[in-house]
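**Student:** Sequence and predicted model, in that order:
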Amino acid sequence: MNTTKKNNLFRKICAVLLSVLVLVSFNGCSGKAKADKVFRVGILSGLDYLMVASEAFKEELTKLGYTEGENIIYDIQSTNSDLEDYKKISQKFVEDNVDLIFCYPTEATLELKEITKGTEIPVIFGVTNIEDTNLVNSVREPGGNVTGVRYPGPDIAVKRFEVMLQIVPEAKKICLPYSDLPVCYPQLEALRPVAQEAGITLIEVPAKTPQELNDFFAKQDVEGEVDFDAILSIAEAYAVMPETFLTMIKFANKHDIPMGGAYMEAEGYSSLFGVNINPIVTGQKAAVLADKILKGQNVSTVSVISDESFVQLNYKEAQKRGYNMPDDLLSQATEIIK
């Protein structure tokens with residue numbers, strides 16, 4: 001082989017090898033976070049009841065190629081429905097100029113949207129109602145710096161109502177306690193026409209503080225006549241706080257009326273059922289969104305996704321208290337506690 005042919009062959013081999021190296025390099029980098037970047041991620045866990053969402057978020061990001069201490073650092077801050085803490089934690093994340101924030105529930109997200117306004121910090125929410133909150137422009141294109149995993153609050157409220165009627169089909173009046181948190185009102189708007197169509201009177205009990213709720217039930221005890229057939233909690237932070245849950249469940253058990261909405265256990269007391277989302281799945285879904293943003297997608301174009309609800313039935317408690325759970329209801333359950 002002459003020198004010219006050898007040179008041409010050498011050039012072709014080099015060109016092929018270079019193409020292979022470029023392809024391998026491209027495939028190795030695509031779908032992964034920047035190797036030379038260490039991301040700082042703030043996590044605001046605003047409700048103890050949902051803390052598992054944070055762990056699920058971290059675990060899913062680990063599966064997606066993020067190793068804590070190497071290419072990602074977490075700053076996990078937690079509080080339990082303390083609005084002042086939401087502000088302090090949100091301000092801390094902004095001052096630290098974190099690369100991304102994961103937060104829940106709705107009230108924490110609202111605070112973070114306000115405090116991160118004018119920054120480039122993307123916020124991923126979970127367990128958050130988007131109805132009547134002005135958090136996003138639309139599900140498909142949220143706009144701004146906020147997107148996440150929608151909590152289907154109005155749908156869950158209606159489903160809780162339907163489950164209660166299957167347990168106590170003879171009910172005519174249902175007590176509906178709620179606070180003044182923003183998440184309550186879209187649920188009430190969804191519930192009222194459904195209750196009216198079913199011929200059920202909702203005894204609405206607005207209580208801005210746990211003490212106001214306690215005062216309402218204490219007054220019922222003093223008067224000695226309970227004018228409702230069941231107690232239903234809607235999807236909000238107060239309903240899953242031990243103090244308010246115990247107020248409701250102790251009164252319900254004392255007067256032998258069913259209580260449900262969120263599945264809760266505290267001090268030996270249990271609600272009859274819960275309709276809710278799985279916060280572990282929420283954390284996993286939020287991590288997938290976070291991964292897209294950390295890889296360069298603009299948060300304003302990352303579509304909001306929704307959680308799905310599931311039904312928990314406390315069959316053991318129903319049997320203990322003499323309430324019937326029909327087969328049709330049992331067949332709908334994701335989990336049956338026996």
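**Tutor:** That came in fine, so what should we check first? Just so you know, these numbers come straight off a predicted model, no measurement behind them. Residues are numbered from 1 along each chain as shown.
**Student:** the strands in the stretch 151-300 of the chain, which residues?
**Tutor:** In the stretch 151-300 of the chain, the strands defined using DSSP state E, counting those that start in this stretch lie at 173-178, 201-206, 230-232, 259-260, 265-266, 269-270, 273-276.
**Student:** Reformat those as CSV; add mean neighbour count, mean pLDDT and distance to Ser90.
**Tutor:** Glycine gets a C-beta too; all of them are placed from N, C-alpha and C. Formatted as CSV, the strands of the stretch 151-300 of the chain follow (neighbours: other CB atoms under 10 Å; pLDDT from 0 to 100; distance: least, CB to CB, whole Å):
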stretch, mean neighbour count, mean pLDDT, distance to Ser90
strand 173-178, 23, 97, 25
strand 201-206, 16, 97, 27
strand 230-232, 26, 98, 32
strand 259-260, 28, 98, 34
strand 265-266, 14, 94, 29
strand 269-270, 20, 96, 34
strand 273-276, 26, 97, 25
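**Student:** Nearest to Val123 among the ones you listed would be which one?
**Tutor:** Comparing those by their distance to Val123 (CB to CB), the top pick is strand 273-276, with 22.9 Å.
**Student:** which strands and helices sit next to the closest one?
**Tutor:** When contacts are defined as 3 or more CB pairs under 8 Å, 6 or more residues apart in numbering; DSSP states H and E, strand 273-276 sits against helix 153-167, strand 310-314.
**Student:** Off-centre distance for it?
**Tutor:** Centre-to-centre, strand 273-276 and its host chain are 14 Å apart (CA atoms, centre = their mean, to the nearest Å).
**Student:** now stretch 157-175
**Tutor:** Mean-position distance between stretch 157-175 and its chain equals 24 Å (CA atoms, centre = their mean).
**Student:** in that stretch, what's buried?
**Tutor:** Across stretch 157-175, burial judged by 16 or more other CB atoms under 10 Å covers 157-161, 163-168, 171, 174-175.
**Student:** likewise stretch 190-204?
**Tutor:** Buried residues in stretch 190-204, defined by neighbour count with 16+ other CB under 10 Å: Ala190, Leu191, Ala195, Ile200, Leu202, Ile203.
**Student:** ok, these vs Ala266, which is closest?
**Tutor:** Nearest to Ala266, judged by CB to CB, of the buried residues of stretch 190-204 is Ile203 at 23.7 Å.
**Student:** Test my guess that Arg321 contacts Ile257.
**Tutor:** No: between Arg321 and Ile257 there is no contact under CB atoms under 8 Å: 9.6 Å.
**Student:** if you count what's nearby, which of these two comes out ahead?
**Tutor:** Legend: neighbour count by other CB atoms under 10 Å for Arg321 and Ile257, higher for Ile257 (19 against 16).
**Student:** how about the nearest residue to the more buried one, chain neighbours excluded?
**Tutor:** Leaving aside its sequence neighbours, Ile257 sits nearest to Ala230 (CB to CB, 6 or more residues apart in numbering; 5.6 Å).
**Student:** In contact with that neighbour, which residues?
**Tutor:** Residues in contact with Ala230 (CB atoms under 8 Å, 6 or more residues apart in numbering) are Met164, Ile167, Val168, Ala171, Ile174, Cys175, Ile257, Pro258, Met259, Gly260.
**Student:** In JSON lines: these, plus distance to Leu44.
**Tutor:** Output for those, formatted as JSON lines (distance: CB to CB, whole Å):
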{"residue": "Met164", "distance to Leu44": "32"}
{"residue": "Ile167", "distance to Leu44": "36"}
{"residue": "Val168", "distance to Leu44": "38"}
{"residue": "Ala171", "distance to Leu44": "39"}
{"residue": "Ile174", "distance to Leu44": "34"}
{"residue": "Cys175", "distance to Leu44": "32"}
{"residue": "Ile257", "distance to Leu44": "37"}
{"residue": "Pro258", "distance to Leu44": "35"}
{"residue": "Met259", "distance to Leu44": "30"}
{"residue": "Gly260", "distance to Leu44": "29"}
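**Student:** Now the two most distant members of those.
**Tutor:** The span of those, defined through CB to CB, is set by Ile167 and Cys175 at 14.6 Å.
**Student:** Spit out the contact partners of Ala318.
**Tutor:** Per CB under 8 Å, 6+ apart, neighbours of Ala318: Ile167, Leu272, Asn324, Met325.
**Student:** what about the residue positioned nearest the centre of the chain, which SS state?
**Tutor:** Nearest to the mean C-alpha position of the chain, by CA atoms, centre = their mean, lies Val127 at 1.7 Å. Of the three states, Val127 takes strand according to DSSP: H, G, I helix; E, B strand; the rest coil.
**Student:** What's the per-residue pLDDT of Asn27 here?
**Tutor:** Confidence at Asn27, expressed as pLDDT, is 40.
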